[in-house]
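Asks: attaching a predicted model along with its sequence, questions to come.
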Amino acid sequence: MHLDDRRRALADAMDAQGVWPADSAWVRRAVLEMVPRHAFAPERLWRWNGDDAYVPVDRGRDQDGWAALVYGGPDDSTVIQILDGLPSSSLSCVSVVADMLDSLMPEPGHRVLEVGTGAGWNAALLAARAGAGNVVSVEIDGDLAAAARGRLAAAGWEVAVHTGDGNAGWPAAAPYDRVIATYAVDDVPWAWIEQCRPGGRLVVPWGRLGHFALTVADDGRSASGWVQGLGMFMPSRGTDQGREYHAVRGDGAPDRAVRVGRDLRALANPHLVFALRVSHPDIRITTSDTDHGFTVRLHDGAGSWAAAQTEGSGLTSAYEGGPRHLLAEVETGRRLWQERGTPPLWDFGMTVTHDGQHVWAGDTAAAEPYSSPPG
């Protein structure tokens, strides 16, 4: 299939899912007409082999396979770099890119700081909106920065790409009207708030699950805002990602069988899952629903795991290993969510100050931190 055909197919899929932002028509135009995604994809991409490793897909050897990775579905990212066997940079999936750009609300003439240049595609999309010379992008990987700089120049986009630690921002060109991160952080760096003008807006992926849009207070001493959408993001470079489930689980017998008193299908509810991300941030939850039943896998990236399966009859078998009782911890988090009135994920907000951050659920930033025990 030709690249233009794949591009149109992706656009049609975005239309079918209704995920083009209605209030930001410029995003659709930039993605489909002004900044072709394939112009920012390196010659070598990476694909999961379905078993235990990422394998290279080279444009010169497999044009169709390469194109299919560049233009997958709306929710498919394109891995452009592997370090230590794990993805370390990607072209983010189009649906999330569109959602984050919509949440950022950039306007022509705005000064924009992007942290995490990657391939340079998102920086080009920002430049298409903000204008030439108004986008500054910071990338910690020198090779990625150089390659992105070259692609941007070749495509005619005037973006200042610097090599440096994105968590420190780029103070030399501050203040900015908008700040956007393309990688996930658990703690929002104060430098990003400090370098954004009062009334300015930041869009920041938080942890492994979603992104917040924060507005800097008039006095510049804090920034607050709500969850804008869900999506998986690579962590800040150097972050300890812990071990995957299969590595934590190992091949040995479980330490104990666990009695489960309720149907675990509630863990497929994205609102509950986000609440658990807030109350129990180190527990990773994976679910699947098949003909054999509903399966839940939990692990903490370190040494504890749990697996449970609910069959069609309603019976649930569960097993755990390691020092922590993860199923009990998740049940505690579920009760907390219910006691707080089962807030939808859109009701969760974050406030960041120089001294730290807290996540809350409610109508205003004055709401009680969600992770505190119920009264």
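Replies: That came through, no problem. Numbering: from 1, shown residues only.

Asks: quick one: contacts for L298?
Replies: By CB atoms under 8 Å, 6 or more residues apart in numbering, L298 lies in contact with 283-286, 305-307, 326-327, 330. Quick note: C-beta positions are derived from backbone N, CA and C, even for glycine.

Asks: which one of those sits closest to G142?
Replies: Each of the contacts of L298 was checked against G142 using CB to CB; the closest is R284, at 31.1 Å.

Asks: list the beta-bridge partners for the nearest residue in space to that closest one that is not next to it in sequence.
Replies: In this structure, R284 finds its nearest non-sequential neighbour in H299, 5.6 Å apart by CB to CB, 6 or more residues apart in numbering. Using DSSP bridges, the beta-bridge partners of H299 come out as R284, W305.

Asks: kindly report the same for L214.
Replies: Judged by DSSP bridges, the bridge partners of L214 are L202.

Asks: so how far is A253 from it?
Replies: L214 is 47 Å from A253, where distance means CB to CB, to the nearest Å.

Asks: same check on A154?
Replies: Distance, A154 to A253, using CB to CB: 57 Å.

Asks: neighbour count for the two, which is higher?
Replies: More crowded of A154 and A253, by other CB atoms under 10 Å: A154, with 11 against 8.

Asks: check the more buried one and give its pLDDT.
Replies: Among the per-residue scores, A154 holds a pLDDT of 97.

Asks: do the one 3 residues further on as well
Replies: Confidence at W157, expressed as pLDDT, is 98.

Asks: same deal with D263?
Replies: pLDDT for D263: 78.

Asks: ok, the residue lying closest to it once chain neighbours are set aside - contacts?
Replies: Distances taken as CB to CB, 6+ apart place T310 nearest to D263, at 5.7 Å, with adjacent residues excluded. When contacts are counted by CB under 8 Å, 6+ apart, T310 touches 263-265, 293-296, 316.

Asks: okay, now H358: neighbour count?
Replies: 17.

Asks: that one: which element?
Replies: Under the criterion of DSSP states H and E, H358 resides in strand 356-361.

Asks: what do you get for R197?
Replies: Short version: R197 belongs to strand 196-206, going by DSSP H and E.

Asks: helix, strand, or coil at the residue nearest the centre of the chain?
Replies: For the chain, F233 is the residue whose C-alpha lies nearest the centre (CA atoms, centre = their mean; 2.8 Å). Per DSSP: H, G, I helix; E, B strand; the rest coil, the local secondary structure of F233 is coil.

Asks: can I assume it is in contact with V203?
Replies: No: F233 lies out of contact with V203 (CB atoms under 8 Å); the separation is 11.4 Å.

Asks: report the two of the contacts of T310 separated the most.
Replies: Spanning the widest gap among those are D263 and T295, at 12.7 Å by CB to CB.

Asks: so these two - more neighbours on which side?
Replies: Between D263 and T295, counted using other CB under 10 Å, the more crowded position is T295 (15 against 11).

Asks: any idea what that one is bridged to?
Replies: Counting by DSSP bridges, T295 forms beta bridges with S288, Q309.

Asks: ok, now how distant is the closest residue to L327 other than its chain neighbours from V260?
Replies: Sequence neighbours aside, A306 is the residue nearest to L327 in space, at 4.9 Å (criterion: CB to CB, 6+ apart). Relative to V260, A306 is positioned 10 Å away (CB to CB).

Asks: between the two, which contacts overlap?
Replies: Contact criterion CB under 8 Å, 6+ apart; residues bridging A306 and V260 by contacting each: 318, 327.

Asks: those two: who's more crowded?
Replies: The residue with more neighbours, out of A306 and V260, is A306; 29 against 18, by other CB under 10 Å.

Asks: would you agree the more buried one is in contact with T316?
Replies: No: with contact defined as CB under 8 Å, A306 does not reach T316; the gap is 11.7 Å.

Asks: what's the burial count for N134?
Replies: Applying other CB under 10 Å, we find 22 residues neighbouring N134.

Asks: right, I'll call it a day here.
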